[in-house]
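In: I'll drop the sequence and a predicted model, then ask my questions.
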Amino acid sequence: MSLAIVDYYEPWWIQIIKGIIVFAVGLQIVPLVLLGERKLLGRFQGRYGPNRVGPYGLIQPLADILKLLGKEQSRPTTSVGPLYIIAPVISIMTAVATFAIIPFGDAPHIFGTRVGLYGIDVSIGPLYIFALSAIAFYGLMLGGWASGSKYSFLGAMRAAAQLISYEVSQGLALVGVLITAGTLSLTGIVHAQRGMWYIVPQLAGFIIFMVAAFAETNRAPFDLAEADAELVGGYNTEYGGGRFASYYFAEYLNVVVVSGVATTLFLGGWMIPGWHGQWAWTDPFVVLIKMTLFVIFFVWIRATLPRLRYDQLMSFGWKVLLPLATLNLLVTAIVVVAVHK
Amino acid sequence: MSAASWSPGEDQIEVQRAPEPGGAGGAYRAFGETLRGLKTTFARVIEGVNTIQYPEQKVAVYPRFRGRHKLHRFEESGLEKCVGCSLCAAACPSDCIRVVAAENTPEVRVSAGERYAAVYEINMSRCIFCGYCEVACPFDAITMGHDYELSDYNRGDLIFTKEMLLAEPVDSSPLRAEGE
């Protein structure tokens, strides 16, 4: 298994610019996803969605965010101060950090030097994603525990059990892709999909990955950690104002990031089948369009499926998803070995 | 089924139960049902929206819709129909009507009867729009109108005086046509 081959050097100022752009793009995408979700959810339910604030309701997310930021920062007397404050920070930090490794294109020549259109091309791509999503879980867990409220604590416990259960299946589903591509570098995986997107040979892996992704991002139908009908708000019950906005932001950024990862691993990143050309300025837009399709799919699922019961979630994760992921990995490994012989 | 021809077990019907949930079969069925659900929700997108954009568009009310009250005058003479009998106030279950009657004099003739309502107030923040006042009125002096946009910034502004009730209401609510 070869690691990422970095055969060029980026000057420090390019790296700083890239860091700013990644962060800025992340910050810009989330309000759009917020608005897009509410609009789409409305359409799926036979209504318009927000259409009063600004033309077609376009500045609704701005109004939402300003409202949240303008609120008083209060905290319960039973909360554990430092942890209560740091928990949303962990959530948002890990989400943005994961966003950094999603490749939006190859490394073209810009400003007389080669610039990779990604924050960083780590040689352990998927491992980096899993490491950060494991840390992101501390954001939910600490937030729920440090709030000193029963609802928050229940939400946090659910989040913990859910993330641990589904991360296993998600990881196994990804290993199929890694075996097929023979590399851990995300750009390397995209390059390996030049001929065919991995959604075709790894269809089972893709479905398992998507199901686990819904659980990992705490989205419907796996939104038990913040089941508003049972737990008020789950782990973020006691949060308000900017801290709640941070949680909210992290959740939607996670959706974007998972969409990006799925695009990279299964939909060939910036590759279009039958097009073997060099780098083009359209590449980042191809990635963005594919990510948008995933986000729309996330909303579509949310509009369709009711929330699972807790025991259903657990038995589905361990009894169905995990054996399927293992089987998929096994078959992939056998096929790859047989083909390479 | 008559009692004579009844035989035990004949009236039992086989109820089809769903297959046991769980397992690989359950997951397979759940996947199929999920696809069916996705189709259902997407059909709503194709169908288009069913909402009415309220302040711009309004639902037409039926002729017997019970909205804001109206007090009436006789068309020919212009005299008020209300004679200040307070039957509406007595019928009102939420006790929101206040009537103070006064005698008509030959110089000041307000209503067609002996007396007239010197004060006639309806507290709209208490009214439940049951229409009993309309039923109780022996002279059809008070009827329920069609206006339903009654919100205000002060509670005091929701006490409607006789002048406000007598005035032709700004008809802000469209009326449903015959047979609509």
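Out: Perfect, I can see it now.
In: Can you name the residues that contact the nearest residue to residue B:58 once chain neighbours are set aside?
Out: Nearest non-adjacent residue to residue B:58, counting by C-beta to C-beta, 6 or more residues apart in numbering or on different chains: residue B:174, 5.7 Å away. The C-beta positions use only the backbone N, C-alpha and C, and glycine is treated the same way. Neighbour list for residue B:174: B:58, B:60-61 [criterion: C-beta atoms under 8 Å, 6 or more residues apart in numbering or on different chains].
In: what would those residues look like in JSON lines with pLDDT and neighbour count?
Out: Below are the contacts of residue B:174 laid out as JSON lines (pLDDT from 0 to 100; neighbours: other C-beta atoms under 10 Å in any protein chain shown):
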{"residue": "B:58", "pLDDT": "83", "neighbour count": "14"}
{"residue": "B:60", "pLDDT": "83", "neighbour count": "12"}
{"residue": "B:61", "pLDDT": "84", "neighbour count": "17"}
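In: Out of these, which comes closest to chain A?
Out: Nearest to chain A out of those is residue B:58 (C-beta to the nearest C-beta; 16.7 Å).
In: Name the residues of the top strand by length along chain B that come out as buried.
Out: Identified as the longest strand of chain B according to DSSP state E is strand B:115-123. The neighbour-count check on strand B:115-123 (16 or more other C-beta atoms under 10 Å in any protein chain shown) flags B:116-117, B:120-123 as buried.
In: who does that strand pair up with?
Out: Take DSSP bridges as the rule and strand B:115-123 pairs in its sheet with strand B:97-103 (antiparallel), strand B:159-160 (antiparallel).
In: okay, and for the chain, where does confidence drop off?
Out: Picking chain A for this. Applying pLDDT under 70 to chain A flags residues A:1-9, A:109-113, A:274-280.
In: that's the wrong chain, I wanted chain B
Out: B:1-4, B:21-24, B:169-172, B:178-180.
In: now the helices for the chain?
Out: Picked chain A for this. With DSSP state H, the ranges of helices along chain A come out as A:12-44, A:60-69, A:81-99, A:125-146, A:150-181, A:186-192, A:203-216, A:228-231, A:241-266, A:283-304, A:310-315, A:322-340.
In: wrong one, I was asking about chain B
Out: So, for chain B - with DSSP H - the helices run B:23-47, B:87-91, B:132-136, B:162-166.
In: Could you dump these into JSON lines and include distance to residue A:169 and mean neighbour count?
Out: JSON lines is the format used below for the helices of chain B (distance: least, C-beta to C-beta, whole Å; neighbours: other C-beta atoms under 10 Å in any protein chain shown):
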{"stretch": "helix B:23-47", "distance to residue A:169": "12", "mean neighbour count": "13"}
{"stretch": "helix B:87-91", "distance to residue A:169": "68", "mean neighbour count": "18"}
{"stretch": "helix B:132-136", "distance to residue A:169": "65", "mean neighbour count": "17"}
{"stretch": "helix B:162-166", "distance to residue A:169": "68", "mean neighbour count": "16"}
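In: Would you convert these into CSV that also reports distance to residue A:26?
Out: Shown next, in CSV, are these (distance: least, C-beta to C-beta, whole Å):
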stretch, distance to residue A:26
helix B:23-47, 28
helix B:87-91, 65
helix B:132-136, 62
helix B:162-166, 57
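In: who wins for proximity to chain A among those?
Out: Here helix B:23-47 is closest among the helices of chain B (C-beta to the nearest C-beta), at 4.3 Å.
In: wait, does the closest one contact chain A?
Out: Yes. Helix B:23-47 reaches chain A (C-beta under 8 Å from any C-beta of the partner chain) through B:23-24, B:26-27, B:34, B:37-38, B:40-42, B:44-45, B:47.
In: domains of chain B?
Out: The record assigns chain B these domain ranges, following automatic domain parsing: B:18-50, B:69-166.
In: which residues sit in contact with the nearest residue to residue B:82 once chain neighbours are set aside?
Out: With C-beta to C-beta, 6+ apart as the criterion, residue B:82 has its nearest non-adjacent residue at 3.9 Å, and that residue is residue B:141. Shown in contact with residue B:141 (C-beta under 8 Å, 6+ apart): B:71-72, B:80-83.
In: re the thing from before, can you tell me which of the strands paired with strand B:115-123 is most buried?
Out: Using mean count of other C-beta atoms under 10 Å in any protein chain shown, the stretch among those with the largest mean neighbour count is strand B:159-160, at a mean of 18.
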